[in-house]
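> how would this look folded up:
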Amino acid sequence: MFDPARIHTLWELVEYRARASGSAPMFFDGDGDGDGRRTVTFGEVRDEALRVAAGFQELGIGAGTRVMWQLPTRIETVVASLALARLGAVQTPVIPLHREREVGFVLAESAAEFVLVPGVWRGCDHDAMVRGLAGDGVRVVSVAGGLPVGDPGALPEPPQGEDGRTRWVYYTSGTTAAPKGVEHTDASLIAGGVGLATALGMSADDVGSIAFPYAHIAGPDYVIAMLVSGFPAVVLDTFEAERAAGVYRRHGVTMAGGSTAFYQAFHDASRRRRATAPDAGRLIPSLRLLSGGGAPLPPELYREAGRELGCAIVHGYGMTECPMIAMGTPYDSDEQLAHTVGRPVAGARVRIVRADGSEAPTGEAGEVTVAGTVVFRRYTDPALTAEAFDAEGRFRTGDLGYLRADGHLVLTGRLKDIIIRKGENISAQEVEDLVHTHPAVAEAAVIGLPDRERGERVCAVVTLAEAADGNGTPGLTLAALTAHLRAAGLMTQKLPEQLEIIETLPRGGPLGKVLKAALRERYGGNGTGRRRSAGAGGFGPPAARR
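Okay, here's the model as predicted:
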């Protein structure tokens, strides 16, 4: 039986599961062709990771070597990550959708010595992009032709015990334009995975799925849950609901998900399928559980998707700094699952704090703070670290919520000015700064608006600059604005999906701060993605709508 007190490193966990379930499947390649689709066992993953670790060692990678990797969700990516863990390298995963702006920043800030890239993926030549950004001291390694391998007999002893050293650095936009480097130990990631595994109650009889970016903090979180519970998973390097559902039916997937957007996508795919084939049955007959986090779960979506798909929906709460804070369970009531994010997981001690720093009683909202093994070690920027922890060493999440009498956590809002779109944090300030560079824009405020499919959509609210010739303001369309932002290097996932042009931005307070809450109220609609007509309100009529 798994004993978390005896496992201190990720590699120890790999070895434990290989001994306990070596011949059992760990991964099914959902992107394979024909009837001979690839299946690899826990033992085979361990053995291949050892060979790849030896190959990396021959390249000059060892304990403490800083390795950035930008790889799609594939079995080989997990193997590469485990091989780096075997060596004790410091890994910096980067989501493969990121482009020059984000990749260039992480390259410079992380001081990466090696970068692993996939070649051409989804139309982007990652080799060329990273080589164009990397300095002379960075070695770019393309794994398009396969991972390097070597003789495991030449490997040194693996890392022993938890030494408190940084083994992982994840970058998150947070509340500032520049991404923040979040340092994790193996122990903090293992705590998140154990918390997830415990809440979901998965067993070796289950079949999971990974169709979200493995480079996200949720990647190792999920794989650790697999290693703890001994269940396999289907791996897809991109997510498209109908295609994923077909693969999941073939493999008998019992647990799927990733974020609110996945729930909505499966719900919509099921309805389309029933519209053309009323007797087709459930979209994924074996599915008993949809699970995820990263964005709010509207209660109406919980009810509709659960009814449509015929399974439980178990939502949770985590962040890059704490990969698992709270999680629902399949044994919670519908009311608890629809209106809370579950109970704090083992390894996360949650306290709600008032503005004056005192602890809020049950039922009173305040800032969510977290302590425990699941909390990250520090930021790469010491100044950010000092701001993020209170006097007792508890991490201040910036999220608002309250604990109920039943121990479940309810989130009510957030202090941080971020937008969570499909589970990814987007810095409003970063997008605002680039919107401001468009010659037609005088002022800009970027906000997140409720969106049933995405969790939130990005909306830019702008005032127009006067034309230089004095003949009125130049026009601006959403297409023109997004083209400008693309040219500035902003990744597609951060592009505004809604543009509102207004005469004046609402402001208040002694510093004349833009009142974003008023903008969210005005343009937020009912959270289903439909736009609500804007009246004059208290801050002038909209100049135009695009």
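> low-confidence ranges in the stretch 351-500 of the chain?
Applying pLDDT under 70 to the stretch 351-500 of the chain flags residues 467-474.
> ok, now the chain?
1-2, 4-5, 33-36, 173-177, 467-474, 508-513, 525-546.
> if you set the cut-off to 50 instead, what comes out?
36, 174-176, 468-470, 472, 510-511, 526-546 (pLDDT under 50).
> Break it into its domains for me.
In the domain annotation for the chain, the residue ranges read 1-183, 418-545 (automatic domain parsing).
> possible to save those as a markdown table with mean neighbour count?
C-beta here means a position set from N, CA and C on the backbone, and glycine is covered the same way. Putting these into a markdown table (neighbours: other CB atoms under 10 Å) gives the following:
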| stretch | mean neighbour count |
| --- | --- |
| domain 1-183 | 18 |
| domain 418-545 | 17 |
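> could I get these as TSV with distance to V207?
Output for the domains of the chain, formatted as TSV (distance: least, CB to CB, whole Å):
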stretch	distance to V207
domain 1-183	8
domain 418-545	22
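> Tell me which of the ones you listed approaches A275 most closely.
Closest of the domains of the chain to A275 is domain 418-545, at 18.2 Å (criterion: CB to CB).
> How far off centre is that closest one?
24 Å (CA atoms, centre = their mean, to the nearest Å).
> Same check on stretch 53-64?
The answer for stretch 53-64 is 28 Å, by CA atoms, centre = their mean.
> what residues are up against G64?
88-90, 165 (CB atoms under 8 Å, 6 or more residues apart in numbering).
> Wait, D237 touches T73, no?
Yes - the pair D237 and T73 qualifies as a contact (CB atoms under 8 Å) at a distance of 4.7 Å.
> In terms of helix, strand or coil, where does G257 fall?
Under the three-state scheme (DSSP: H, G, I helix; E, B strand; the rest coil), G257 adopts strand.
> re the thing from before, closest one to M319 out of the contacts of G64, please.
V90 (20.7 Å).
> Backbone dihedrals for that closest one, please?
With angles defined as degrees, to the nearest 10, V90 sits at phi -100, psi 110.
> Can we start the residue count at 42 from this point?
All right, first residue 42 from here; so that's V131.
> now it, nearest residue through space, not along the chain?
Leaving aside its sequence neighbours, V131 sits nearest to R107 (CB to CB, 6 or more residues apart in numbering; 4.9 Å).
> list the contacts for the one you found?
130-131, 133, 151-155.
> One more: G335?
Neighbours of G335 in contact, by CB under 8 Å, 6+ apart: 259, 299-301, 359, 461, 463-465, 496.
> got it, and G186?
G160.
> Look at V120 and tell me its secondary structure.
Secondary structure state of V120, per three-state DSSP, is helix.
> Which among the domains of the chain is found nearest to F307?
Among the domains of the chain, domain 459-586 comes nearest to F307, with 11.6 Å by CB to CB.
> and the residue nearest to G369 when sequence neighbours are not counted, how many neighbours?
Nearest residue to G369 in three dimensions, chain neighbours excluded: G383, at 3.6 Å (CB to CB, 6+ apart). A count of neighbours around G383, defined by other CB atoms under 10 Å, yields 23.
> So what's the gap between the host helix or strand of G233 and the chain middle?
Using DSSP states H and E, G233 maps to helix 227-241. From the chain centre to the centre of helix 227-241 is a distance of 16 Å (CA atoms, centre = their mean).
> same deal with stretch 122-130?
22 Å.
> Ok, stretch 391-398 next?
For stretch 391-398, the gap between its own C-alpha mean and the chain's C-alpha mean amounts to 26 Å (CA atoms, centre = their mean).
> Name the residues that touch it?
Under CB under 8 Å, 6+ apart, the answer for stretch 391-398 is 366-367, 385, 400-401, 405-412, 431-432, 435, 437, 442-444, 450.
> Sort out for me which of those residues are in strands.
Using DSSP state E to define strands, the subset of these located there is 366-367, 385, 407-412, 437, 442-444, 450.
> Can you add distance to R78 and neighbour count and give the residues you listed back as JSON lines?
Listed next are these as JSON lines, based on distance: CB to CB, whole Å; neighbours: other CB atoms under 10 Å:
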{"residue": "I366", "distance to R78": "36", "neighbour count": "31"}
{"residue": "A367", "distance to R78": "36", "neighbour count": "29"}
{"residue": "P385", "distance to R78": "39", "neighbour count": "24"}
{"residue": "G407", "distance to R78": "50", "neighbour count": "21"}
{"residue": "E408", "distance to R78": "47", "neighbour count": "21"}
{"residue": "V409", "distance to R78": "43", "neighbour count": "30"}
{"residue": "T410", "distance to R78": "46", "neighbour count": "23"}
{"residue": "V411", "distance to R78": "40", "neighbour count": "24"}
{"residue": "A412", "distance to R78": "44", "neighbour count": "18"}
{"residue": "R437", "distance to R78": "46", "neighbour count": "16"}
{"residue": "G442", "distance to R78": "43", "neighbour count": "23"}
{"residue": "Y443", "distance to R78": "47", "neighbour count": "19"}
{"residue": "L444", "distance to R78": "45", "neighbour count": "24"}
{"residue": "L450", "distance to R78": "40", "neighbour count": "24"}
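> what ranges do the helices span in the stretch 342-491 of the chain?
Per DSSP state H, counting those that start in this stretch, the stretch 342-491 of the chain carries helices over the ranges 375-380, 423-429, 469-476.
> right, I mislabeled it, should have said the stretch 92-241 of the chain
Along the stretch 92-241 of the chain, the stretches classed as helices by DSSP H, counting those that start in this stretch are 116-128, 141-151, 167-174, 227-241.
> Columns distance to A483 on top of the ones you listed, output as CSV?
CSV is the format used below for the helices of the stretch 92-241 of the chain (distance: least, CB to CB, whole Å):
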stretch, distance to A483
helix 116-128, 45
helix 141-151, 24
helix 167-174, 33
helix 227-241, 44
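> Relative to T545, which of those is closest?
That would be helix 141-151 among these, by CB to CB, at 30.4 Å.
> Start and end of stretch 247-255, how far apart?
Using CA to CA, to the nearest Å, the end-to-end distance of stretch 247-255 comes out at 20 Å.
> List the buried residues in that stretch.
Applying a neighbour-count criterion of 16 or more other CB atoms under 10 Å, one finds 247-255 buried in stretch 247-255.
> for the residues you listed, which one is nearest T545?
Nearest to T545 among those, with distances taken as CB to CB, is P254, at 39.7 Å.
> Quick one: classify that closest one as helix, strand or coil.
Taken by three-state DSSP, the conformation at P254 corresponds to coil.
> how close does it get to G145?
P254 sits 19 Å away from G145, going by CB to CB, to the nearest Å.
> S122 too?
Separation of S122 from G145 (CB to CB): 22 Å.
> Then L241?
From L241 to G145 the distance is 37 Å (CB to CB).
> what do you get for K221?
16 Å.
> just E283 next, same as before
In terms of CB to CB, E283 sits 36 Å off from G145.
> and what of F430?
In terms of CB to CB, F430 sits 29 Å off from G145.
> Ok, F253 next?
Distance from F253 to G145, counting by CB to CB: 24 Å.
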